[in-house]
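Novice: Here is the input, now give the coordinates:
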Amino acid sequence: MTGDVVRAHGGTPAAELACWMAEFGFNGVPVVDADDKVIGVVSATDLERARRTGDSSPAPSARTLMSTPARTVRADDSVVRAARMMSSYGIGRLPVVDEEARLVGMLTRRDVLRLFARSDEEIRAEVIDEIVLRTMWLDPAGIDVSVRDGMVTLEGAMDSSGQAAALVGMARRVDGVTTVVDRLAHRRAGPWRGPEREQADGALPS
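Specialist: The predicted model follows:
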């Protein structure tokens, strides 16, 4: 996301919003209240609609033009969820909010596409090198990782169900991953205790 966000307040004049959109190339501006909580979004479509209908108010403002409720995503939401929202509602920009609904950034379709533009081979290399090897200390010969169109498939035998779940969870967070297919088997049920403990007990290959 972009952290430095141009934002409007309820009283921001429509003319000023139009100038911002023209100057910065935006197609929408979030509207916030006094606590910086997102209360709506004024889009280029909203401005054009007001122009076509000849808004009779002396000075149309963000409050009279904005669409509510605003479509937002949390800062800890997945990029996949954001992409699905953009697709479902036909929008190109999503305000990003914290747990108190305060504006903290803006996510654009370009930001999302930049992540999903990663090749399958780049994603596979990160899962193997950064997760299987460096984070979990596993022998990559025992874990088959395949990637197609951002979908990661994991196959192999893990020591515990918790270890398998940890691998799946970390793979889901890799940039560009759209989904993870879990075909992992495990030798025992139970939590994963971390690579140091597992290795100390001889569960991992030397």
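Novice: can we go C-alpha only for contacts and neighbour counts from here?
Specialist: OK.
Novice: Any stretches of this protein with poor pLDDT?
Specialist: Residues of the chain that meet the criterion pLDDT under 70 lie in 54-59, 195-206.
Novice: Identify the residue nearest the geometric centre of it.
Specialist: Central residue check for the chain by CA atoms, centre = their mean: the C-alpha nearest the mean position is that of Val79, 2.2 Å away.
Novice: Tell me who's in contact with Val168.
Specialist: Contacts for Val168 (CA atoms under 8 Å, 6 or more residues apart in numbering) come out as Leu154, Val180, Asp182.
Novice: just Ile131 next, same as before
Specialist: Contacts here follow CA under 8 Å, 6+ apart; on that basis Ile131 touches Leu167, Met170, Ala171.
Novice: how about the strands of this structure, start to end?
Specialist: Assigned by DSSP state E, the strands in the chain fall at 8-9, 28-32, 38-43, 73-74, 93-97, 103-108, 143-148, 151-160, 179-188.
Novice: what is the orientation angle of the second one with strand 103-108?
Specialist: Right, strand 28-32. Inter-element angle recorded for strand 28-32 and strand 103-108: 160 degrees (by axes from the mean of the first three to the mean of the last three CA atoms, to 10 degrees).
Novice: Go ahead and name everything in contact with strand 28-32.
Specialist: 6-10, 17, 21, 38-44, 62-63, 66, 93, 95, 103.
Novice: cool, the fourth one as well?
Specialist: Applying CA under 8 Å, 6+ apart, the external contacts of strand 73-74 come out as Ala82, Leu94, Pro95, Val96, Val97, Asp98, Glu99, Ala101.
Novice: Mind doing that once more with 6 Å?
Specialist: Contacts of strand 73-74 from elsewhere in the structure, counted by CA atoms under 6 Å, 6 or more residues apart in numbering, are Val96, Val97, Asp98.
Novice: any chance of those in a markdown table, plus neighbour count?
Specialist: As requested, these are exported to a markdown table (neighbours: other CA atoms under 10 Å):
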| residue | neighbour count |
| --- | --- |
| Val96 | 26 |
| Val97 | 21 |
| Asp98 | 14 |
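Novice: Generate a markdown table for those residues, with distance to Ala117 as supplementary columns.
Specialist: Below are the contacts of strand 73-74 laid out as a markdown table (distance: CA to CA, whole Å):
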| residue | distance to Ala117 |
| --- | --- |
| Val96 | 21 |
| Val97 | 25 |
| Asp98 | 27 |
